[in-house]
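> Test case, fold it:
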Amino acid sequence: MNKKIMEQILAIRDTGETNMFDVRKVQEIAMREGYDELFVYLTDNIGAYTRFILTGEEK
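Predicted structure coming up:
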C-alpha cells in the first residue's frame with residue numbers, strides 16, 4: 001500500500017459515509033471521488049486493506 005492509497009482510504013473513512021468493511025461501497029465511493037488507484041488496489045488486496053482498517057498497519 002502506498003501513501004496515496006492510504007490517504008484515499010482515510011479520506012473515505014473521514015466522510016463517515018459507509019462502514020469501511022463494506023468494500024463494494026468503498027469501491028463505489030472511490031470511483032465517484034476519482035480514486036482510481038484505490039479502486040484497483042481493492043480489487044486485488046482485500047486482506048491488506050482489511051488489516052490496515054483493523055490495525056493501521058500498512059503491510
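> As a check, name the ranges of all helices in the protein.
Counting by DSSP state H, one finds helices in the chain at the ranges 3-15, 23-33, 36-44, 46-55.
> List of residues touching the last one?
Outside helix 46-55, the residues that touch it by Cβ atoms under 8 Å, 6 or more residues apart in numbering are 1, 6, 9, 20-21, 23, 41-42, 57-59. Any C-beta I mention is one placed from the backbone N, CA and C, and that applies to glycine too.
> Show me which residues of it are buried.
Going by neighbour count (16 or more other Cβ atoms under 10 Å), the buried part of helix 46-55 is 48-49, 52.
> Nearest to residue 37 among those?
Nearest to residue 37 among these: residue 49, at 12.4 Å, using Cβ to Cβ.
> follow-up on the earlier one: can I get the helices of the chain in JSON lines with mean pLDDT?
Formatted as JSON lines, the helices of the chain follow (pLDDT from 0 to 100):
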{"stretch": "helix 3-15", "mean pLDDT": "96"}
{"stretch": "helix 23-33", "mean pLDDT": "97"}
{"stretch": "helix 36-44", "mean pLDDT": "96"}
{"stretch": "helix 46-55", "mean pLDDT": "95"}
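> Could you find the residue nearest the spatial middle of this structure?
Nearest to the mean C-alpha position of the chain, by Cα atoms, centre = their mean, lies residue 9 at 3.8 Å.
> For it, list the residues it contacts.
Counted by Cβ under 8 Å, 6+ apart, residue 9 has contacts 20, 26, 38, 49, 52-53.
> let's see it at 10 Å
The contact partners of residue 9, taken as Cβ atoms under 10 Å, 6 or more residues apart in numbering, are 1, 20, 26, 30, 35, 38, 41-42, 49, 52-53.
> ok, now residue 28?
Going by Cβ under 10 Å, 6+ apart, residue 28 touches 17-18, 22, 39.
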